[in-house]
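>>> Return atomic coordinates for the entry below.
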Amino acid sequence: MNHPTISVTMAPADLDAVKAAIATIHSKMPFLFSLPPEERNGLTKLGPGSIDFAQDAYLATVSYPSIFPPSFDRVEFGKDFNLFKALTEIEFLLGTLHEKVQSTQMAAGSETMEASLLAYTYVQASKKAAPGLPDVAKRMKERFKKQGRKPKDGPDATASEPAK
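Numbering: from 1, shown residues only. As a prediction, the model looks like this:
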């Protein structure tokens with residue numbers, strides 16, 4: 001395991017604060033929208049290799065306005081260029097956050113599933129020990145039917161102690 005063990009409780013107030021911060025982001029950028037894949041594919045892209053080109057084009061519109069015909073909307077071009085720069089910075093910051101959230105979620109999910117598999121082993125081994133436990137065991141066993149295999153004594157029959 002290369003990641004730290006997850007042992008965190010997120011307070012409901014902290015979750016609410018994060019949700020409120022995300023809602024604030026949405027409210028500060030009401031112009032955001034989603035493009036369907038077919039529309040994304042048809043767009044002219046401004047990638048990392050073209051940023052300097054776009055910067056020079058923008059500076060040319062500012063420095064040499066007289067060379068542009070009236071049909072070229074320099075103001076709109078400037079708005080688009082500056083929005084692109086701002087969104088690029090925001091995307092970078094959100095990308096870093098997204099990667100951390102996704103990695104932490106994956107690690108927490110892995111630990112949850114490992115403990116769930118071990119719990120399943122104990123439930124199967126003790127299913128006759130308490131009323132209602134056979135129903136729990138039956139419901140838990142349903143998860144493995146989708147895989148086309150039937151565990152005899154659970155997925156890890158050799159486990160004798162619960163995972164930490």
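>>> Just give me the neighbour total for residue 75.
Residue 75 has 8 neighbours, counted by other Cβ atoms under 10 Å. All C-beta atoms are positioned from the backbone trio N, CA, C, and that covers glycine.
>>> Check the one 3 residues further on too.
Other residues near residue 78 come to 13 when the count uses other Cβ under 10 Å.
>>> One more: residue 92?
By other Cβ under 10 Å, the residues close to residue 92 number 10.
>>> Let me know the helix or strand that it is in.
Assessed by DSSP states H and E, residue 92 sits inside helix 74-125.
>>> and that helix, what other elements does it pack with?
Packed against helix 74-125 by the contact rule (3 or more Cβ pairs under 8 Å, 6 or more residues apart in numbering; DSSP states H and E) you find helix 51-63, helix 133-145.
>>> If you count neighbours, what's buried in the last one?
Taking 16 or more other Cβ atoms under 10 Å as the neighbour-count basis, helix 133-145 is seen to contain the buried residues 137, 140, 141.
>>> Tell me which residue of the protein is furthest from the middle?
Distance from the C-alpha centroid of the chain, by Cα atoms, centre = their mean, peaks at residue 66 (46.8 Å).
>>> where does it land on pLDDT?
As predicted, residue 66 sits at a pLDDT of 97.
>>> Quick check: which ranges of the protein have low pLDDT?
1, 146, 148-164 (pLDDT under 70).
>>> and with 50 instead?
Residues of the chain that meet the criterion pLDDT under 50 lie in 157-164.
>>> sorry, back to before: run the angle between the helix holding residue 92 and helix 51-63 for me.
150 degrees (axes from the mean of the first three to the mean of the last three Cα atoms, to 10 degrees).
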